[in-house]
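Trainee: A predicted structure for the sequence below; I have some questions about it.
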Amino acid sequence: MMSEEQHVQTADEILNYPFPTENRLQCPAEYKRLRQECPVARVHMPYGGDAYLLTRYADVAKAFQDPRCGMIQRSDGDVPRIEAGDVVGASSSNESLFSVSDKRHNKIRRLVTQLFTVQHANTLRARVVEVTNELIDAMERSGPPADLFEDYAIQTPMTVLCELLGIPRKDEKLWREWGRTAISKTVSVEQRQAQWQKVALYLKDIIEQERQNPRNTIISVLVKAHDEGGDEVLTEGEMYSFALGLIVAGFETVSTTFTNSAFILLQRPDLLEQLKERVDDPERMASAVEEILRITPVGNGRPRITRDAVAFGDKTIPSGEVIFLSTLSANYDEERFPDPEKVDFDRTGGPVMSFGRGIHACLGQQIARMELQTLWSTLLKRLPTIRLAVPPEEVPWRPDETLTYGPAHLPVTW
């Protein structure tokens, strides 16, 4: 095998990204070749030109945490990207959490950190168990087949988020629409800005309600911080940005991860049997969910831009270059996860890269883990004979329009 020092990538070898795959939830084989031969590779992005693709676990972890690898801003211009419009999350406004300094970003996150710890996630577990059982009750009343995405996967994290934020549950469909627009690869800058105005208008009333009648919600914590410390601590625009970010990350990624993992595991009865053995053992179920997170793709990864020259192995990337961090490839890196194609619910060697690293790592990752553990435990306790209601090739897929991908519906029976 040619070493990375020996291999010099030529123009003809620059690949189009993202990589195609016959199985939409399979890790493309191209990642393995690149990890071995050219771990820092130039790739043609759908828009804006060429970027550097990082495929090894160590390099992806470094890029997430190195301050020289910054968040992309709208002011960076027509950068290489997957989206047709600007990079999702990019902003030239001081109201966005993605455009503030690292120091301020950390300060704002600390305002609500206590609501996202492992300990707090465990205090929410009883409520999530209640919600998942209510959803299974409804599925049983209606009888099979059921849609595991609409009837189960998306309802659970949405209920939790609405209660955490203090947002009426009846507005779930509205937030789903806004969330999908926020991570769209096809909407224009103008469309995203119009959506932002709707979100801000909606949240203005919620914020005022929390100001008048404070509750134990995230928005109430943010309102108190703003009212006591002013814009120096938190602006109202940052409150809007925080709430939208939590909604998008909280319901979209959890529901997609669960649905995608169900599509994979419902085709593997041997793995389902292993999961059933763990439903009453929280520690072993937690271990299984880490492996489920590792093998379950939900998107391609996230971009950064170098604000100074940064070395990855023997490759130094100059300032001003876009680097794309493949969390999927990192989760299949043989150096970190031996025999990565094998599903091993007792695997050690993590943590997985699914939630990112550093100051922009997913704030709600402990809640997400708890929700995934509960979604699987409740499902297999209540419906131990659950299986796909249609052949896998007949499962409908969402249009390729957002940064996440997966089945639009997942018909199941029992």
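Mentor: Alright, I've got the coordinates.
Trainee: ok, how many other residues are close to Lys315?
Mentor: 17 (other C-beta atoms under 10 Å). C-beta here means a position set from N, CA and C on the backbone, and glycine is covered the same way.
Trainee: any stretches of the stretch 301-414 of the chain with poor pLDDT?
Mentor: The stretch 301-414 of the chain contains no residues with pLDDT under 70.
Trainee: so which residues of it form helices?
Mentor: 327-331, 365-382 (DSSP state H, counting those that start in this stretch).
Trainee: need the winner for burial among those.
Mentor: Burial of the helices of the stretch 301-414 of the chain is given as mean neighbour count (mean count of other C-beta atoms under 10 Å); helix 327-331 ranks first at a mean of 25.
Trainee: can you list the helices and strands that that helix packs against?
Mentor: Judged by 3 or more C-beta pairs under 8 Å, 6 or more residues apart in numbering; DSSP states H and E, helix 327-331 is in contact with helix 29-37, helix 57-65, helix 282-295.
Trainee: find the least confident helix or strand in this protein, judged by mean pLDDT.
Mentor: helix 236-247 (a mean of 79; mean pLDDT, DSSP states H and E).
Trainee: which strands and helices lie in contact with that helix?
Mentor: Helix 236-247 packs on helix 102-112, helix 155-165, helix 172-182, helix 189-212, helix 218-229, going by 3+ C-beta pairs under 8 Å, 6+ apart.
Trainee: that older thread, can you lay out the helices and strands packed on helix 327-331 as CSV showing distance to Asp227, mean pLDDT and mean neighbour count?
Mentor: Converted to CSV, the helices and strands packed on helix 327-331 look like this (distance: least, C-beta to C-beta, whole Å; pLDDT from 0 to 100; neighbours: other C-beta atoms under 10 Å):
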stretch, distance to Asp227, mean pLDDT, mean neighbour count
helix 29-37, 48, 96, 18
helix 57-65, 33, 97, 21
helix 282-295, 38, 97, 20
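Trainee: for those, which one sits closest to Gln274?
Mentor: Closest of the helices and strands packed on helix 327-331 to Gln274 is helix 282-295, at 7.4 Å (criterion: C-beta to C-beta).
Trainee: contacts for the closest one next, please.
Mentor: Outside helix 282-295, the residues that touch it by C-beta atoms under 8 Å, 6 or more residues apart in numbering are 257, 261, 264-265, 274-275, 277-279, 331-332, 337, 340, 343-347, 350-352, 354, 369, 372-373, 376-377.
Trainee: quick check: angle from that helix to helix 365-382?
Mentor: 110 degrees (axes from the mean of the first three to the mean of the last three C-alpha atoms, to 10 degrees).
Trainee: what distance separates helix 282-295 from the centre of its chain?
Mentor: The chain centre lies 16 Å from the centre of helix 282-295; the measure is C-alpha atoms, centre = their mean, to the nearest Å.
Trainee: which of the contacts of helix 282-295 are buried?
Mentor: 257, 261, 264-265, 274-275, 278-279, 331-332, 337, 340, 343-345, 347, 352, 354, 369, 372-373, 376-377 (16 or more other C-beta atoms under 10 Å).
Trainee: among those, which lie within strands?
Mentor: Judged by DSSP state E, strands contain none of the buried ones among the contacts of helix 282-295.
Trainee: ok so, going back, how about the helices and strands packed on helix 327-331 in CSV, adding distance to Glu228?
Mentor: Putting those into CSV (distance: least, C-beta to C-beta, whole Å) gives the following:
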stretch, distance to Glu228
helix 29-37, 48
helix 57-65, 32
helix 282-295, 37
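Trainee: fine by me, we can end here.
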